[in-house]
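Chemist: Dropping the sequence and predicted coords here.
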Amino acid sequence: MPVYRKLWFWIVALIILSPLGLLAQGTAWGEWGSDELKEMLNMVPEGLAKLEETWHALLPDYSLPGFDKTFAQQAVGYIAAAVVGVALIVLVTYLLGRLLARSEK
Amino acid sequence: MHIPDGYLSPSTCAVFYAAMIPIWAVAVKKTKETLKAKQVPLLALAAAFSFVIMMFNVPVPDGTTAHAVGGTLAAIVLGPWAACIAVSIALIIQALVFGDGGVWAIGANCFNLAFVLPFLGYAVYRALSAGGKRRVLASMVGSYVGINAAAFCTAVEFGIQPLLFKSPTGAPLYCPYDLSKSIPAMMFAHLTVAGIVEAIITGLVVYYLQKAHQEELFFDAALERR
């Protein structure tokens, strides 16, 4: 079995371990929502408030709707989001890769 | 390092889309030339790895969080142009499905994380790897430099907003923090935490591939055989 096929097991392991990423408290610098900015600055920049509403993601912040009460629920949501994300990305990349690499054969 | 919608002005976002469109076009062309059919699963693997590794938020001592990206690793295996495509796909899915990074900001985020990061990371790796003899060390230094360069670009994009875009009363319209705040904050998070994580992960995977005698998996090995 080529070694990179074994690397897929690492992806599965990382998906299962992904809730570790939830343990870090706080938001990445510059990624605060307007509610957080209001708390920090007592103001929300006008353009920011408008543009931030542009897009409503299906699974915002890697969570399943309703799965936000306990850490266990968040962890389940996070793993589910990782599965959905990896599946979509593998599908899109694989199809595009097939399209690009085809001429090589 | 995913800039959300609202932090960059629409004009800034337009500039970065305009920059990324030719980059993506060249990436498609170059990848057509170098990507072998049997490497397609590897391309998918690189995109998936980058996506999932970005979910591992690591605490930064200033109360924020940061994460690794895995873009230099993708470039070491697939070449920087294919890495650009793999990381761009991860970033676009993150923005559209998970709201991580804005939709306006896709151009800027891809410029930082899918262009600057893998290209600089790979260039440093190539310069230090001594024809494949020092791959692990070179990959660690390269990935560290790559992610920090991306963080610097992100910080500059944030920091110029309040200088360029103000309301008539002088209030910031978009990102409220100028360069004197954004550069130290972004660089602190990435020089001390995310860069180290990126270097360790990249070095570990490169070490593992070398240990498993997978020379042919390295993009530079394929280049030298040509």
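Modeler: That came through fine.

Chemist: Find the least confident helix or strand in chain B, judged by mean pLDDT.
Modeler: Across the helices and strands of chain B, mean pLDDT, DSSP states H and E gives its lowest value to helix B:219-225, namely a mean of 79.

Chemist: can you tell me which helix in chain A is longest?
Modeler: Longest helix in chain A, counting residues (DSSP state H): helix A:71-101.

Chemist: what about it, distance to the chain center?
Modeler: Averaging C-alpha positions (CA atoms, centre = their mean, to the nearest Å) puts helix A:71-101 9 Å from its chain's average.

Chemist: How far does the helix or strand B:Leu73 falls within sit from its chain's centre?
Modeler: Taking DSSP states H and E as the definition, B:Leu73 sits inside helix B:71-78. A distance of 10 Å separates the centroid of the chain from that of helix B:71-78, by CA atoms, centre = their mean.

Chemist: is that helix anywhere near chain A?
Modeler: No: using CB under 8 Å from any CB of the partner chain, helix B:71-78 never reaches chain A; the gap is at least 8.6 Å. Yep, even glycine has a C-beta here, placed from its N, CA and C like the rest.

Chemist: and the direction of that helix versus that of helix A:71-101, what angle?
Modeler: 40 degrees (axes from the mean of the first three to the mean of the last three CA atoms, to 10 degrees).

Chemist: how about the CA coordinates for helix B:71-78, as PDB?
Modeler: C-alpha atoms of helix B:71-78 as PDB (Å, rounded to 0.1, in the frame of the first residue of the first chain):
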ATOM      1  CA  GLY B  71       0.600  25.000   3.200                       C
ATOM      2  CA  THR B  72       4.400  24.600   3.000                       C
ATOM      3  CA  LEU B  73       4.000  20.900   3.500                       C
ATOM      4  CA  ALA B  74       1.600  20.700   0.500                       C
ATOM      5  CA  ALA B  75       4.200  22.700  -1.500                       C
ATOM      6  CA  ILE B  76       7.000  20.300  -0.500                       C
ATOM      7  CA  VAL B  77       5.100  17.300  -1.800                       C
ATOM      8  CA  LEU B  78       3.100  18.800  -4.700                       C
END
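
Chemist: Count the residues that sit near A:Glu36.
Modeler: Under the neighbour criterion other CB atoms under 10 Å in any protein chain shown, A:Glu36 is assigned a count of 13.

Chemist: ignore the last one, A:Asp61
Modeler: Counted with other CB under 10 Å, A:Asp61 comes out at 15.

Chemist: Show me what whichever strand or helix holds B:Leu91 is packed up against.
Modeler: In the assignment (DSSP H and E), B:Leu91 maps to helix B:80-98. Judged by 3 or more CB pairs under 8 Å, 6 or more residues apart in numbering or on different chains; DSSP states H and E, the packing partners of helix B:80-98 are helix A:71-101, helix B:10-34, helix B:40-53, helix B:71-78, helix B:106-110, helix B:117-128.

Chemist: I'd like the distance from it to the chain centre, please.
Modeler: Its chain's C-alpha centre and that of helix B:80-98 lie 10 Å apart, by CA atoms, centre = their mean.

Chemist: ditto for stretch B:2-11
Modeler: Centroid displacement of stretch B:2-11 relative to its chain, using CA atoms, centre = their mean, is 17 Å.

Chemist: How about the longest helix of chain A, which residues are buried there?
Modeler: For helix A:71-101, burial by neighbour count (16 or more other CB atoms under 10 Å in any protein chain shown) applies to A:74-75, A:77-82, A:84-86, A:88-90, A:92-94, A:96-97, A:100-101.

Chemist: what do you get for stretch B:58-69?
Modeler: In stretch B:58-69, counting by 16+ other CB under 10 Å, buried: B:58, B:60, B:64-69.

Chemist: possible to save those as a markdown table with pLDDT?
Modeler: Formatted as a markdown table, those follow (pLDDT from 0 to 100):
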| residue | pLDDT |
| --- | --- |
| B:Val58 | 97 |
| B:Val60 | 97 |
| B:Thr64 | 97 |
| B:Thr65 | 97 |
| B:Ala66 | 97 |
| B:His67 | 97 |
| B:Ala68 | 98 |
| B:Val69 | 98 |
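
Chemist: Now intersect these with the strands, please.
Modeler: B:58, B:65-66 (DSSP state E).

Chemist: Would you mind listing where chain A has pLDDT under the threshold?
Modeler: Applying pLDDT under 70 to chain A flags the ranges A:1-2, A:102-105.

Chemist: Tell me how it divides into domains.
Modeler: For chain A, the structural domains run A:28-57, A:61-104, going by the TED database.

Chemist: want to throw these into a markdown table with distance to chain B?
Modeler: Putting those into a markdown table (distance: least, CB to the nearest CB, whole Å) gives the following:
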| stretch | distance to chain B |
| --- | --- |
| domain A:28-57 | 3 |
| domain A:61-104 | 4 |
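
Chemist: Remind me what the least confident helix or strand of chain B packs against, helices and strands.
Modeler: Under the contact criterion of 3+ CB pairs under 8 Å, 6+ apart, helix B:219-225 touches helix B:71-78.
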